[in-house]
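Participant: coords please:
(one chain, ligands or ions: 3)
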Amino acid sequence: MSAFNVAKFGGTSVANFDAMSRCASIIENNASTKLVVSSACSGVTNLLVELALGIQNPKDREAILDDLRTIHYAIIEQFSEQKKTKQAVDNILDTLSSMAEAASFQSSDKLTDHIVACGELMSTHILTQLMIERGIPAVRFDIREILRTSADFGKAEPIVDKISELAQQKLVPLCQENVVITQGFIGSDNDGNTTTLGRGGSDYSAALIAEAVKASGLEIWTDVPGIYTTDPRIAPKATPIPEISFSEASEMANFGAKILHPSTLLPALRHKIPVFVGSSKSPNQGGTWIRKQVESAPLYRALALRGNQTMVTLRSPDMFQTYGFLAQVFAILAKHQISVDLITTSEVSVSLTLDQTNTSGQAPELPIDARTELEELCIVEVEHNLSLVALIGNKMSAKKGYAKQVFSALEDFNLRMICYGASPHNLCFLVDCNEAKRAIQVLHQELFEQSA
Ligand code: ADP
Ligand code: ASP
Ligand code: MG
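Facilitator: Numbering: from 1, shown residues only. Ligands and ions are numbered 1, 2, ... in the order given. Purely as a prediction, here's the structure:
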């Protein structure tokens, strides 16, 4: 069994030459780091999404391609050996140019994945060369050779057994003699088409790869020194959490804490791989350890925020004192492969939120044919511009008075939907997206800043 460390670097960590050099130092300083998973350079995936959505004017497409060349060349131009890496980037940009033109006629989820994958394909060429120039025996590996997924473009599901089998055959032997640099976010389906795991998916890739190679540890290097009590950009008094359980961190990620892709911890948990989250800008500042067992289980652990929520409310007097209504609703949703996230019901109505999002990051829509079928059953209302706020903690429902504390703090807010009591570990509600940050600030102050 191999005992080595997998290190993942996010977009800001590989944003430019200095940032990438800091990553190289982190890799050099830990001899057991044999596998490096890199995101695209900061901002690149957003530019690629623009191209994928279809830009009609050739000049506007060219401008984006120029921006992409500039971002990548700025790093390569610091190298002593530039030609090979520039050539690799140019080849990718050439293919990208044709794909962007195709997208301007007709965009599709499949084409989008081919386009957005280019960011990680470019950044890994550059990071590999940077490492080689520092005398590290680095090789670039195209993760699509092993990261097999379903063909659900934009939100592909990994085929875990196949990934493990291929990783043992193709990746583990490479790691014996080299530091392997590979792409996060992307994979391929059984027909060899490029797929992606959804925005922010590099964390998930790193965890899947760590599982597949039976790694002893997984490091997620990002732009903040660990997981905080909430996003420090929203509440500047948020504090880092030194140690957190898999289940608490999973809840945070599921409820939108951008620091981790929601699925990241599943593979780590399956193989009990401890996960460290730290800042590549200040690697010695410490960070957060995510483990199966941790010492403390505070009542309130963290607050998370997820934007772009779509709420669907279904009303029907037929629901009152009859059976089978919800079954019919869910049969329609299942038929159209619509995944439901939160749900609350009353006698005559049910409100639910639709599960997020694919690579384009837009709010999920209720497909028109699903709506038509639902309308045969009940009145359908769809609301956008909502955000989900989640309070994550431990055994909250067993604590008297906690609901009063939370809802008193929120008395100025119009809460659209509240999920309370289903889980002892979270309470969540929807608010207007313009109010969401303030709701986080108010709750953070009430629940996390008082006793310090
Ligand atoms: P990367 O590009 O390294 O994957 P992301 O931007 O995806 O980085 O995630 C890091 C960001 O997550 C931070 O800059 C911070 O704004 C945000 N974030 C959201 N919730 C939290 C939290 N609870 N703790 C720390 N950071 C958080
Ligand atoms: N580059 C992808 C994104 O921006 C994946 C990632 O960085 O995790 O979403
Ligand atoms: Mg991320």
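
Participant: where in the stretch 301-450 of the chain is pLDDT low?
Facilitator: By pLDDT under 70, the weakly predicted segments of the stretch 301-450 of the chain are 320-321, 356-361.

Participant: got the phi/psi numbers for the residue in it positioned nearest to ligand 1?
Facilitator: Nearest residue of the stretch 301-450 of the chain to ligand 1: residue 302, at 5.7 Å (CB to the nearest ligand atom). No exception for glycine: its C-beta is placed from N, CA and C like everyone else's. As for residue 302, its main-chain torsions (degrees, to the nearest 10) stand at phi -170, psi 170.

Participant: residue contacts, it?
Facilitator: Applying CB atoms under 8 Å, 6 or more residues apart in numbering, one finds that residue 302 lies in contact with 227, 228, 229, 230, 241, 248, 252, 257, 391, 392, 393.

Participant: tell me the pLDDT at the fifth one?
Facilitator: Residue 241 is assigned 97 on the pLDDT scale.

Participant: What of the fourth one?
Facilitator: We have a pLDDT of 98 for residue 230.

Participant: Make sure it is actually in contact with residue 300.
Facilitator: No: using CB atoms under 8 Å, residue 230 makes no contact with residue 300, being 10.6 Å away.

Participant: which neighbours do these two share?
Facilitator: Counting by CB under 8 Å, 6+ apart, the contacts common to residue 230 and residue 300 are residue 448.

Participant: can you map out the strands along the stretch 251-400 of the chain?
Facilitator: Using DSSP state E, counting those that start in this stretch, the strands of the stretch 251-400 of the chain run over 275-279, 287-291, 300-315, 340-345, 349-354, 379-393.

Participant: can I get those strands in CSV with distance to ligand 3?
Facilitator: Output for the strands of the stretch 251-400 of the chain, formatted as CSV (distance: least, CB to the ion, whole Å):
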stretch, distance to ligand 3
strand 275-279, 11
strand 287-291, 15
strand 300-315, 14
strand 340-345, 20
strand 349-354, 22
strand 379-393, 18
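
Participant: Turn those strands into TSV, columns for distance to ligand 2.
Facilitator: Rendered in TSV, the data for those read as follows (distance: least, CB to the nearest ligand atom, whole Å):
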stretch	distance to ligand 2
strand 275-279	14
strand 287-291	17
strand 300-315	14
strand 340-345	20
strand 349-354	20
strand 379-393	19
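
Participant: Among the ones you listed, which comes closest to residue 112?
Facilitator: strand 300-315 (17.3 Å; CB to CB).

Participant: In this structure, what residue lies closest to ligand 3?
Facilitator: As assessed by CB to the ion, ligand 3 sits closest to residue 200 within the chain, at 4.1 Å.

Participant: So that residue: helix, strand or coil?
Facilitator: coil (DSSP: H, G, I helix; E, B strand; the rest coil).

Participant: So what does it look like in phi/psi?
Facilitator: Residue torsions, per degrees, to the nearest 10, at residue 200 are phi 80, psi 10.

Participant: any idea how far residue 11 is from it?
Facilitator: 9 Å (CB to CB, to the nearest Å).

Participant: what residues does the chain put near ligand 3?
Facilitator: Neighbours of ligand 3 within the chain, by CB under 5 Å from the ion: 10, 200.

Participant: excluding its backbone neighbours, what's nearest residue 105?
Facilitator: Using CB to CB, 6 or more residues apart in numbering and skipping the chain neighbours, the partner closest in space to residue 105 is residue 54 (7.5 Å).

Participant: Just give me the longest helix of this protein.
Facilitator: In the chain, with assignment by DSSP state H, the single longest helix is helix 83-105.

Participant: Figure out how far that one is from the centre of its chain.
Facilitator: Centre-to-centre, helix 83-105 and its host chain are 25 Å apart (CA atoms, centre = their mean, to the nearest Å).
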